[in-house]
Structure formats: C-alpha cells, structure tokens
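# I would like to see how this sequence folds:
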Amino acid sequence: MPITRRRLITISAALAFLPATARATSKGTTRRWTGQALGARASIRLDHPDGEVIAARVMAEIDRLEDMLSLYRPQSALSRLNRDGHLPAPPFELLDCLSLAGTVHRASGGRFDPTVQPLWALWAEAAAGGRKPDAQAVETVRRGTGWAKVELDAAAITLQPGMALTLNGIGQGYVADRVAALLEAEGLSNILIDTGELRALGGKPEGGNWPVRLETGERLSLRQRALATSAPLGTTFDQAGHDGHILDPTTGRPAASAWRSVSVSAPSAAIADALATAACLISDQEEIRVMLGHFEGARLEASV
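Residues are numbered from 1 along each chain as shown. Below you'll find the model as predicted:
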C-alpha cells in the first residue's frame, strides 16, 4: 500500500537535533545522533560543548510530545481520545495544538478539519485491498465528522460516537515550534529545525539567512520564521497516484486540488503547516491570501 512518504527529520547549525534511539559519533565538539521520531528517520548534529546533554533534552521532549500527539502510539493521549471518545484532564500540549487547529478551521471556512481521521482510515483500509471505498460508505462516515461536534476545554475533550481526530497537517509543525522553544530556552540560536516542516531560529551560524529550495525549484531564505509545504499528491492511496492524502471534508474524498504544491511561511510552524494543508483545498490564490490574512506574518510563498 503506497501510503508512505519518505521524511528525514534534522536539526542543523551550530546545532542540529533529533530523536529517540541514539547512535552518536563525534569529531571535536561536533556530535551526531540518529534515530526515529514522528514516524520518520531523524538526526541531530550539534557543534556545542554541551551537545550531548542538549540532544538528550531534545530527544526527551520529542518523546514526551509523541506520547500526547501521536496516532502511532496506542497509549498516546490522542490515541486514547480516539479510542474512548472522551479524555479527562487532557495535557496542555494536546489542547494547545487542537486550539490552533480550531483557529485554522475557522479561518479556512472549515477546509482544515482534524475530524477527517475516520475518512482517512476508510480510504487507507480500501487501499490496502487495492480498491476505493464505496461511495455510500464515504458519505456515511463523512456525516459523522465535523469540528463543531468536538467538545474541547481544560476539563475534558469529548467526541461523538464514531469520531476520531488526526493532527496530520499541524502536528509536525507543532513539534518543530516546541523544539524551537526548548532550544531557545537553552540560550541557543542560529538553528534550522526540520520535522517535515522548517523552523528557523535566527540565521546561519556563519551569517546570512537559511537558504531553502522549494519543490518547485524556487529559492527563498528563512530567518526567525517557519515554512511548510503541502502537496496533495505527495502521498497517495492508490498505486496510480491519483487519490491524494489530503481529504476534502465537504465530500469525504481526496482533494481535487488546483495545485501540485503550496508553500506557506509564518512565525509559527504549526500555523504554516495547517495553512498550507488548507490552501490545497482552495483554487484561487487571492482566497488563500484572505485566509492567511487572519494570521499575523503568514505569507503565501508558492502555489503551483
């Protein structure tokens, strides 16, 4: 089943970060760790006398966040919410990430909707059998989705029966923001964090901005902001590569997008991540810019 996408998570600069099973190599004060995080290969390269201690803190933070936000860990807070339909005293980070998701949901006119997880599961199960889901099944599941049906506050998160949430489209950016906050609290700067979405703390250690090359070949630079790119057909359900992983919540089907990819930059990687995903469901650039106008500093970098 081709529902996979190769990702490499890195943090580079006077430092580069990473995850949880560690193999370290060293040369002078430069050390490199490799492992797994967020379902992807990850690496941290640190040129810092306290690199080993700092990398351990980053690894612990990513592991802690995965215990809240991951769909891959059965006992994560998100997995328990989806399984039980109710999560009392939810962790702050899950509430925070979902609150950001709700903000983008409203700004996008409902196009960004974390409740599409049951639809995604339906398409994935059908793809495993080499087919598409039945149209009636899609419509039945779609009627059970909708952000307005989620009860969300500090006391508990409650879903209606049959509902489930996904943080795909915002979770990777959120983790990048949290790692950035941790490193900044360590007094570090001039770092590029890549969790699938880019988050720059300052510029390059040797001076200048971080150079970035988009999938379109276009080049831009980052300093103290984030960049996210979404490609509707970057991951597909079918072998032919026609049914993309970004689902339209109004139809329950893969988005018939006008774009091969959309890149958005913003001060927050989580916001850039969610906005780029939502933009794939908007066919007019001006309408995308109107959506981005709800978020200070958000900018459309490319849509092709």
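
# So residue 228 belongs to a strand, correct?
Yes. Assessed by DSSP: H, G, I helix; E, B strand; the rest coil, residue 228 belongs to a strand.

# Show me the beta-bridge partners of it.
With DSSP bridges applied, residue 228 shows beta-bridge pairing to residue 264.

# who are the neighbours in contact with it?
Each residue near residue 228 by C-beta atoms under 8 Å, 6 or more residues apart in numbering is listed here: 173, 197-198, 263-266, 269, 272-273, 275-276. Where you see a C-beta, it was placed from the backbone N, CA and C, and this is true even at glycine.

# What is the most widely separated pair among these?
The span of the contacts of residue 228, defined through C-beta to C-beta, is set by 198 and 275 at 14.1 Å.

# Of those two, which one has the most company?
Neighbour count, other C-beta atoms under 10 Å: between residue 198 and residue 275, residue 275 has more, with 31 against 23.

# So for stretch 270-288, what gets flagged as buried?
270-282, 288 (16 or more other C-beta atoms under 10 Å).

# Next: stretch 59-77.
59, 61-62, 65-71, 73, 76-77.

# Over to it now: how far is its first residue from its last?
Taking C-alpha to C-alpha, to the nearest Å, stretch 59-77 runs 19 Å from one end to the other.

# quick check, nearest of the contacts of residue 228 to residue 296?
Nearest to residue 296 among those: residue 266, at 8.5 Å, using C-beta to C-beta.

# I'd guessed that closest one sits against residue 297; true?
Yes. Counting by C-beta atoms under 8 Å, residue 297 is a contact partner of residue 266 at 5.6 Å.

# what's the overlap in contacts for the two?
Listed as contacting both residue 266 and residue 297 by C-beta under 8 Å, 6+ apart are residue 225.

# Tell me the spacing between residue 265 and residue 286.
18 Å (C-beta to C-beta, to the nearest Å).

# next one: residue 64
Note on residue 64: its distance to residue 286, by C-beta to C-beta, is 41 Å.

# contacting residues for residue 78?
Shown in contact with residue 78 (C-beta under 8 Å, 6+ apart): 68-71, 94, 165, 167.

# Settle it for me: which of residue 266 and residue 297 has more neighbours?
Set residue 266 next to residue 297 and count neighbours by other C-beta under 10 Å: residue 266 wins out with 23 against 14.

# Find me the pLDDT at the more buried one, would you?
You'll see residue 266 listed with a pLDDT of 98.

# quick one: it and residue 276, what's the gap?
As judged by C-beta to C-beta, residue 266 and residue 276 stand 9 Å apart.

# try residue 221
Counting by C-beta to C-beta - residue 221 and residue 276 are separated by 18 Å.

# Work out which residue lies at the spatial centre of the chain.
residue 172 (3.0 Å; C-alpha atoms, centre = their mean).

# contacting residues for that one?
Residue 172 makes contacts with 38, 195-197, 269, 273, as judged by C-beta under 8 Å, 6+ apart.

# can I have stretch 266-276 written out in PDB, keeping just the CAs?
Coordinates of each C-alpha in stretch 266-276 appear next as PDB, following Å, rounded to 0.1, in the frame of the first residue of the first chain:
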ATOM      1  CA  ALA A 266       4.700  32.200   9.100                       C
ATOM      2  CA  PRO A 267       6.200  32.900  12.500                       C
ATOM      3  CA  SER A 268       4.800  29.500  13.800                       C
ATOM      4  CA  ALA A 269       5.500  26.200  12.100                       C
ATOM      5  CA  ALA A 270       2.200  24.800  13.300                       C
ATOM      6  CA  ILE A 271       0.200  27.600  11.700                       C
ATOM      7  CA  ALA A 272       2.200  27.400   8.500                       C
ATOM      8  CA  ASP A 273       1.700  23.600   8.400                       C
ATOM      9  CA  ALA A 274      -2.100  23.900   8.800                       C
ATOM     10  CA  LEU A 275      -2.500  26.800   6.400                       C
ATOM     11  CA  ALA A 276      -0.500  25.000   3.700                       C
END
